[in-house]
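> Next come a sequence and a model predicted from it.
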Amino acid sequence: NGDLPARRTVSNRREDSLRYGENPHQDAAVYATDASEEPSVVHASQLNEGAKALSYNNYNDADGALNLIKEFEEPAAAVIKHTNPAGCATADTLADAYRDALSTDAKSAFGGIVALNRECDAETATEIVDSFKEVVVAPGYTDDALDTLTEKKNLRVLDVGDRTDGTLGPEDRTERFTEKALVGGRLVQERDRSTITRDDLEVVTEREPTDEQIDSMLFAWKVLKHVKSNGILIADGTETVGVGMGQVSRVDAVTLAAMKAEKDAEGKSAEGAVVASDAFFPFPDAVEEAAEAGVEAVIQPGGSVNDDDVIAAADELGLAMVMTGQRAFRHD
């Protein structure tokens, strides 16, 4: 089965004992592998001496945030809460990217994890400490930024820059496999390092997306890969507007994303935005729900037996729709 071996032998060393696991009644520890050269939170330096150590949940969330911002070549910032993006954006400057990410859902970002794919500067640091955050992780910090961040006693400041040049990007995703423990064994799979390009998109509606909408779709798809399934993401330009995650119904995920866009996004709207779905729409209802929220373009994998009905609904609603030919499930 490809490069997956018939037998695996793994040896990790205990890096640290943690205060507790996901909940206080659970013991926990973090283990490290010295074979990994990818920038990671396990090998990161914690720069603010005296601050409390990372918890089990901090490690889990910071790892998810770091994996997300590695998707982007451009300056990017993400705020993660319970392993899901509360907001993500790219921009010309890191500070603008952080502001755009935070304004997606500043309420939910309270107590969240911030990840940056550029060296953190003073302006970005000032924005970060304006509200309560648990952890910030970046490939380096300027002296002024570090002074600002370490004024917050229990904001853990992680530096993954010892193996980088002050930036992070897709080329830093060097680990090939991911795994999940099961009772009695483990699941191992190839890591989803795929990148969808314009050439991969199939326009299936009468209305074609604009260049700007395509750019927004490609951004949304990168973020959506890190949203727990069923996942729906609304984006405008290269910033998130509303995220619907972890729902057992795709329609409910659309409803949640639209509700978050309307109620919690600051200075943003689903009106005229694009919507991304991590798997095909089995029926037209979710597309109709998205159109009611104001979106004008859709990116989805396709592959449903009802694709024709979904496309017909998009045409009737005047939406542009593209299909990627691959889905982006995330269940862990």
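Thanks, I have the structure now.

> Going by C-alpha atoms from here, please, whenever you check contacts or count neighbours.
OK.

> Figure out the helix or strand that residue 100 lives in.
Element membership of residue 100 [criterion: DSSP states H and E] is helix 94-102.

> following that helix, which helix or strand shows up next?
helix 106-109.

> Residues in contact with that following helix: which ones?
79-81, 86-87, 102, 133, 264-265 (Cα atoms under 8 Å, 6 or more residues apart in numbering).

> buried ones in that helix?
For helix 106-109, burial by neighbour count (16 or more other Cα atoms under 10 Å) applies to 106, 108-109.

> Of the contacts of helix 106-109, which is the most crowded?
residue 79 (36 neighbours; other Cα atoms under 10 Å).

> State the helix or strand in which that one lies.
Residue 79 belongs to strand 76-81, assigned by DSSP H and E.

> can you give me the angle the very next helix or strand once past that strand makes with strand 76-81?
For strand 76-81, the following helix or strand on the C-terminal side (DSSP H and E) is strand 84-90. Counting by axes from the mean of the first three to the mean of the last three Cα atoms, to 10 degrees, strand 84-90 lies at 170 degrees to strand 76-81.

> tell me how far strand 84-90 is from the chain's mean position?
Put simply, strand 84-90 sits 6 Å off its chain's centre (Cα atoms, centre = their mean, to the nearest Å).

> how much does it deviate in direction from helix 94-102?
140 degrees.

> Does anything pack onto strand 84-90? Which helices or strands?
Applying 3 or more Cα pairs under 8 Å, 6 or more residues apart in numbering; DSSP states H and E, one finds that strand 84-90 contacts helix 56-69, strand 76-81, helix 94-102, helix 106-109, strand 239-244.

> Please repeat the previous calculation with a cut-off of 7 Å.
strand 76-81, helix 94-102, strand 239-244 (3 or more Cα pairs under 7 Å, 6 or more residues apart in numbering; DSSP states H and E).

> Run through who's touching the longest one.
It stands for helix 94-102. With contact meaning Cα atoms under 7 Å, 6 or more residues apart in numbering, helix 94-102 is reached by 75-79, 87-91, 109, 123-124, 239-240.

> let's see it at 6 Å
Helix 94-102 is contacted by residues 75-78, 87-91, 124 when judged by Cα atoms under 6 Å, 6 or more residues apart in numbering.

> show me what contacts residue 142?
Contacts of residue 142 (Cα under 6 Å, 6+ apart): residue 121.

> Turn the helices and strands packed on strand 84-90 into TSV, columns for mean pLDDT.
TSV is the format used below for the helices and strands packed on strand 84-90 (pLDDT from 0 to 100):
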stretch	mean pLDDT
strand 76-81	97
helix 94-102	98
strand 239-244	98
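
> Does residue 188 belong to a helix, a strand or coil?
At residue 188 the chain is in strand, as set by DSSP: H, G, I helix; E, B strand; the rest coil.

> how about low-confidence regions in the stretch 51-200 of the chain?
By pLDDT under 70, the stretch 51-200 of the chain contains no weakly predicted segment.

> rerun at 90
51-52, 153-154, 161-165 (pLDDT under 90).

> neighbours around residue 301, how many?
Neighbours of residue 301 using other Cα under 10 Å come to 20.

> Touching, it and residue 329? I think so.
No - contact between residue 301 and residue 329 fails when scored by Cα atoms under 6 Å: they sit 10.6 Å apart.

> just the helices in the protein please.
Here the chain has its helices, by DSSP state H, at 56-69, 94-102, 106-109, 122-128, 143-149, 211-224, 250-263, 285-293, 307-317.

> tell me the most buried of those?
helix 94-102 (a mean of 25; mean count of other Cα atoms under 10 Å).

> and that one, how far out from the chain's middle?
With Cα atoms, centre = their mean, you get 14 Å for helix 94-102.

> Now do it against strand 239-244, angle only.
30 degrees.

> got the CA positions of helix 94-102 in PDB?
The C-alpha trace of helix 94-102 is given here as PDB (Å, rounded to 0.1, in the frame of the first residue of the first chain):
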ATOM      1  CA  LEU A  94       1.300  40.600   9.200                       C
ATOM      2  CA  ALA A  95      -0.600  43.100  11.400                       C
ATOM      3  CA  ASP A  96      -3.300  43.400   8.700                       C
ATOM      4  CA  ALA A  97      -3.600  39.700   8.400                       C
ATOM      5  CA  TYR A  98      -4.000  39.300  12.200                       C
ATOM      6  CA  ARG A  99      -6.600  42.100  12.400                       C
ATOM      7  CA  ASP A 100      -8.600  40.500   9.500                       C
ATOM      8  CA  ALA A 101      -8.400  37.100  11.100                       C
ATOM      9  CA  LEU A 102      -9.500  38.300  14.500                       C
END
